[in-house]
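Chemist: Here you go, sequence then predicted model.
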Amino acid sequence: MEGNEPPKSGIPILQERGLFWWADQSVLSTQFAPDTSAVGELKIEAGGRITLDLDGVISDLRKSLPALVFSIDEPDLKNRRIQGLLKNSNMRVLLCDLFRRGGRFATSNVSTEGFLARHCLVGDKDFPKRLLYSYVDVDLKGFEEWLRVGSIRTKRSKVALEAKYRRPKDIDYFLPNGKMSVVYDLFFPWLGETHLEKLDLRESVLLRFKPRLHMSLEDVTTYHSLLQDLFILMTDSNYTLDWPRVGLGRKTCFTLYYARMIGDDDAPRYFDCAINFIQARENFGELFSNWWTKRETFGPGFNLYLGTRRGVHLYAEHRFIMLIWGIEAYHRKKYGSTRSGTVEKKVARILNQITNRKDQKWLAQRLQFASEPNLEQRIFESIKDVPLELDSKRVRKFAEGCARDRNDMSHFGEHRDEERTYSEFMRALHRKSEALSHLYHLLILSEIGVDRTILRNWFVGSYPIKSALVEVGLMEPGTEPLAPAQRVQDASAKRG
């Protein structure tokens, strides 16, 4: 139920019957549930959708009968919680942020009611009276190649097998809003001497975040989503992070489930990662802090790219438009309303030549944004920021083509190149989107502080990125962009 392997689509994470009651009801010390509890089934789907279907009613029918019959939410329902005890696993659950999900009132049969919940806590301990979330743990199982772990050493002879493990020292990063720690451990065997016919060792690594102030459930899910998106950027994979485990106090820990998008990628391989943990070890805390801050600052300038990477299958036009929107939003936020002084003077000169005041006012409104960079210029300047030192003429031509295609679709509803069929246009659009996606990816990583040399080395070793740039004319086949120092060296050699 709480395993780290991402569940297959259609297979619930949890589906179990038990007893359920309102969490604000007291339970006698001689009982494990109040007399007003009802039997029901809790189901948590692979994507975190949480439903509870009761075989009875726990609501006060005098107050909740209209809501029960017509599925109308009471104003205070979202502030109430449902607690439960599962029959087979003996796990305790707490459903928060509730909504009505149908029900039935019957005088000659069983009355029932159902609920949806945004959040569900699952653990093997009783819940404290006050829910103060003191830390969040995320197991990084599946990210071993990104972590480059390997502390288990084995030595085997014909008659003996020796295994040694020395736990690496935990790493702490102090952030403006708390502390993040990389915590190492070993799963199995138990401490002491054991005699087994089969031995399975796994080195585990988890990220622990302790905020300066206690978190809400929304804070936990926001942090977890930020972490997931950062791992998409670092590993170039949509492999799903494990569900977060939240601490209530020092030792009591519960798994938190909530609705989220589940990726279908395999665990990332070391050669696919843009940056691995060894490269980021010294400044990983700063990297995450920058990501947290700049994700808020740039908003759609970051999110529109990630929207194309969360496992959602998009039409070619939709993906292309989202990438262009995102790059335009990034440029506007990065450089503000940069206006051309030359263009502003030219517009003012033209307006002064118009004698009719109404015509002058009308034209001034139409030309109020004329001095701002156009879409082509914004794409060009954004791509030039990517740490690849691409040829300016090639970047300009690529930006011109992207802007033309976006404008054709947005303003004319079709492409206007009569020499190409729609199918040919779509294939060209797909090639542009592939190149844009890679460049956009590098742009965001550079913006949050990943070393440009690391990004360039990733590019040099990545055939998919280079081939995508070659296909749209940003590079010649069999070549790769030169670093600035290398360009100077080659230029000097030619002059000599």
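Modeler: The structure has been received and is ready for your questions.
Chemist: And the strands in this protein?
Modeler: According to DSSP state E, the chain carries its strands in the segments 14-22, 38-44, 50-54, 82-86, 92-104, 112-123, 133-139, 152-156, 161-165, 171-175, 178-187, 202-211, 245-248, 253-258.
Chemist: Make a markdown table from the ones you listed and add mean pLDDT, distance to residue 450 and mean neighbour count to it.
Modeler: Where you see a C-beta, it was placed from the backbone N, CA and C, and this is true even at glycine. Formatted as a markdown table, the strands of the chain follow (pLDDT from 0 to 100; distance: least, CB to CB, whole Å; neighbours: other CB atoms under 10 Å):
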| stretch | mean pLDDT | distance to residue 450 | mean neighbour count |
| --- | --- | --- | --- |
| strand 14-22 | 94 | 37 | 18 |
| strand 38-44 | 95 | 35 | 20 |
| strand 50-54 | 95 | 36 | 22 |
| strand 82-86 | 94 | 44 | 22 |
| strand 92-104 | 88 | 36 | 19 |
| strand 112-123 | 92 | 33 | 22 |
| strand 133-139 | 92 | 21 | 20 |
| strand 152-156 | 85 | 30 | 10 |
| strand 161-165 | 84 | 31 | 10 |
| strand 171-175 | 95 | 16 | 15 |
| strand 178-187 | 90 | 17 | 16 |
| strand 202-211 | 91 | 18 | 18 |
| strand 245-248 | 90 | 28 | 21 |
| strand 253-258 | 94 | 29 | 22 |
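Chemist: Count the residues that sit near residue 449.
Modeler: Summarising burial for residue 449: neighbours were counted as other CB atoms under 10 Å, giving 15.
Chemist: low pLDDT regions in the stretch 201-350 of the chain?
Modeler: 250-251, 337-344, 347 (pLDDT under 70).
Chemist: May I have the predicted confidence score for the closest residue to residue 354 other than its chain neighbours?
Modeler: Of all residues not flanking residue 354 in the chain, residue 360 sits nearest, at 4.4 Å (CB to CB, 6 or more residues apart in numbering). Here, the pLDDT recorded for residue 360 equals 74.
Chemist: Of the strands of the chain, which is nearest residue 284?
Modeler: Ranking these by distance to residue 284, with CB to CB as the measure, places strand 171-175 first at 6.1 Å.
Chemist: Return the alpha-carbon coordinates of the closest one using CSV.
Modeler: Listed next in CSV are the C-alpha coordinates belonging to strand 171-175 (Å, rounded to 0.1, in the frame of the first residue of the first chain):
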residue,chain,number,x,y,z
ILE,A,171,23.9,16.4,4.3
ASP,A,172,22.1,19.5,5.5
TYR,A,173,21.1,22.6,3.5
PHE,A,174,19.9,25.7,5.3
LEU,A,175,17.2,27.5,3.3
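Chemist: who touches it?
Modeler: Taking contacts as CB atoms under 8 Å, 6 or more residues apart in numbering, the residues outside strand 171-175 that touch it are 179-182, 281, 284-286, 288-289.
Chemist: Over to stretch 15-34?
Modeler: Around stretch 15-34, the neighbours that count as contacts under CB under 8 Å, 6+ apart are 36-44, 52, 54, 58, 80-89, 91, 93-94, 127.
Chemist: Just the terminal-to-terminal distance for it.
Modeler: Start-to-end span of stretch 15-34 (CA to CA, to the nearest Å) is 22 Å.
Chemist: Tell me the gap between it and the middle of its chain.
Modeler: Averaged C-alpha coordinates place stretch 15-34 at 35 Å from its chain's average position (CA atoms, centre = their mean, to the nearest Å).
Chemist: what's the answer for stretch 241-258, then?
Modeler: Using CA atoms, centre = their mean, we find the averaged C-alpha position of stretch 241-258 to lie 18 Å away from the chain's own average C-alpha position.
Chemist: what packs against the longest helix anywhere in the chain?
Modeler: When every helix of the chain is counted residue by residue (DSSP state H), the longest turns out to be helix 422-447. Taking 3 or more CB pairs under 8 Å, 6 or more residues apart in numbering; DSSP states H and E as contact, the helices and strands that helix 422-447 lies on are helix 217-235, helix 300-306, helix 316-335, helix 375-384, helix 392-407, helix 452-460, helix 463-471.
Chemist: residues of that helix that come out buried?
Modeler: When neighbours are counted by 16 or more other CB atoms under 10 Å, the buried residues of helix 422-447 are found to be 425-426, 428-429, 431-447.
Chemist: which one among the contacts of strand 171-175 gets closest to residue 202?
Modeler: When the contacts of strand 171-175 are compared for distance to residue 202 (CB to CB), residue 182 wins out at 16.4 Å.
Chemist: Look up how far residue 300 lies from the nearest residue to residue 217 once chain neighbours are set aside.
Modeler: The shortest distance from residue 217 to any residue other than its chain neighbours is 4.8 Å, reached at residue 119 (CB to CB, 6+ apart). To residue 300, residue 119 is 26 Å away according to CB to CB, to the nearest Å.
Chemist: Determine how far the last residue of stretch 149-157 lies from the first.
Modeler: The first residue of stretch 149-157 is 24 Å away from its last residue (CA to CA).
Chemist: And it, how far out from the chain middle?
Modeler: For stretch 149-157, the distance from its own C-alpha centre to the chain's C-alpha centre is 34 Å (CA atoms, centre = their mean).
Chemist: go on, stretch 264-280?
Modeler: In this view, stretch 264-280 has its centroid 15 Å away from the chain centroid, taken as CA atoms, centre = their mean.
Chemist: Pairing partners for the residue nearest to residue 217 in the sheet, please.
Modeler: The partner list for residue 119 in beta bridges (DSSP bridges) reads residue 96, residue 258.
Chemist: residue contacts, it?
Modeler: With contact taken as CB under 8 Å, 6+ apart, residue 119 is in contact with 50, 95-97, 217, 221, 256-258.
Chemist: can you check residue 263 too?
Modeler: Taking CB under 8 Å, 6+ apart as the test, what residue 263 contacts is 6, 232, 237-240, 310-311.
Chemist: and which of those is nearest residue 322?
Modeler: Ranking those by separation from residue 322, with CB to CB as the measure, puts residue 310 on top at 11.4 Å.
Chemist: related to what we said a few turns ago, mind putting the strands of the chain into a markdown table with distance to residue 355?
Modeler: What follows is the strands of the chain, written out as a markdown table (distance: least, CB to CB, whole Å):
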| stretch | distance to residue 355 |
| --- | --- |
| strand 14-22 | 76 |
| strand 38-44 | 72 |
| strand 50-54 | 69 |
| strand 82-86 | 74 |
| strand 92-104 | 64 |
| strand 112-123 | 63 |
| strand 133-139 | 68 |
| strand 152-156 | 85 |
| strand 161-165 | 87 |
| strand 171-175 | 62 |
| strand 178-187 | 65 |
| strand 202-211 | 65 |
| strand 245-248 | 70 |
| strand 253-258 | 64 |
